[in-house]
Each structure stands twice: as structure tokens, then as C-alpha cells.
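Q: Predicted model, plus sequence, below.
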Amino acid sequence: MPHLSYVNVFAKDVVALSGFYQRVFGFAEIEAIRSPIFRGLDTGKSSLGFNALDAYELLQLSEFSDTRGVKFLLNIDVDSKGDVDRMVPIALGAGATLVKPPYVTYYNWYQSVLLDPEGNVFRINFMM
């Protein structure tokens, strides 16, 4: 069965942005695939990659590189509601911006919506 191996984020600063996710969530870097224009983090069930903007050209995506607005969001699950409450201030301290404080969704998840330091949306989520 096919599976999602990586979600990659184009980043102005792959070191700083991958470091943000390491500090907030404790994801380990996959050092074997490190390059000057790429960092990968092991999230446990899949991986999170950070491509420098140079990757647009390498992937022949230059004409699509002018991205604006929210194009995706990362959903990072934690083990409890308490973890959501505990990690939001950690994320804010690491440079995130709070969009929506922790709340219960209509589908009964507990989550908070934030922007990482480069403006990408991510949610810290607990599925109740």
C-alpha cells in the first residue's frame, strides 16, 4: 500500500526552520540526508523535509515558486490535551505566532492553530 513518506516545506532558511520544529516537537534530524539545501526530520511515522528555495529550480517548479497565502498546513499530533496546552507556549517561545488558541473542534479534536517563523500554518492536535 502506498504511504506518505515525506512532507516537504520550502524554506528561506532550512537550518532555522527545521531547528524550530526540532525545538518545539523534539523531532530528530535525519543527518544521513542532510545537504546544504535540505534538512529532514524524523517525526516517528513519516518525515518532514525542508527544501531551500533552490529546490524550486532543481524540481523545475520555478514558475510555481511565487506562493502566497496558506497552501497547506501541518498537523502534528500529541498524546493529550495537556500536551497541546503545554506545547503552544513552547512554540510561541521558539518564534511561532498564535492564530487560534487551543479549542475543541466540531469533529472533537483539541488543537491550536499557529504559524511557524516563516509563516507556514501548523496545528498542534490531540484526537480525543
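A: Perfect, thanks for sending it. Quick caveat, the model's predicted, so the values are computed rather than measured.
Q: which residues sit in contact with the residue positioned nearest the centre of the chain?
A: Nearest to the mean C-alpha position of the chain, by CA atoms, centre = their mean, lies Leu74 at 5.1 Å. Going by CB atoms under 8 Å, 6 or more residues apart in numbering, Leu74 touches 7, 9, 48, 120-123. Every residue, glycine included, has its C-beta placed from N, CA and C.
Q: What is the nearest of these to Leu59?
A: Val9 (13.5 Å; CB to CB).
Q: close enough to count as contact, the closest one and Ser47?
A: No. The pair Val9 / Ser47 is not scored as a contact, 11.4 Å apart, by CB atoms under 8 Å.
Q: Looking at the two, which is more packed in?
A: Val9 (20 against 17; other CB atoms under 10 Å).
Q: how distant is stretch 45-65 from the center of its chain?
A: With CA atoms, centre = their mean, to the nearest Å as the basis, stretch 45-65 stands 14 Å off its chain's centre.
Q: same question for that stretch, mean pLDDT?
A: In this model, stretch 45-65 has a mean pLDDT of 94.
Q: In that stretch, which residues are buried?
A: Neighbour-count burial for stretch 45-65, with 16 or more other CB atoms under 10 Å as criterion, is recorded at 47-52, 55-56.
Q: Would you point out the most distant pair within those residues?
A: Every pair of those checked by CB to CB; the farthest is Ser47 and Tyr56, at 20.1 Å.
Q: Name the nearest residue to Asn108, sequence neighbours excluded.
A: With CB to CB, 6 or more residues apart in numbering as the criterion, Asn108 has its nearest non-adjacent residue at 5.2 Å, and that residue is Met128.
Q: residues touching the one you found, list them.
A: 81, 104, 108-110.
Q: What is the most widely separated pair among these?
A: Top of the distance list for the contacts of Met128 (CB to CB): Lys81 and Asn108, 11.4 Å.
Q: Please say which of these two ends up with more neighbours.
A: Lys81 (15 against 8).
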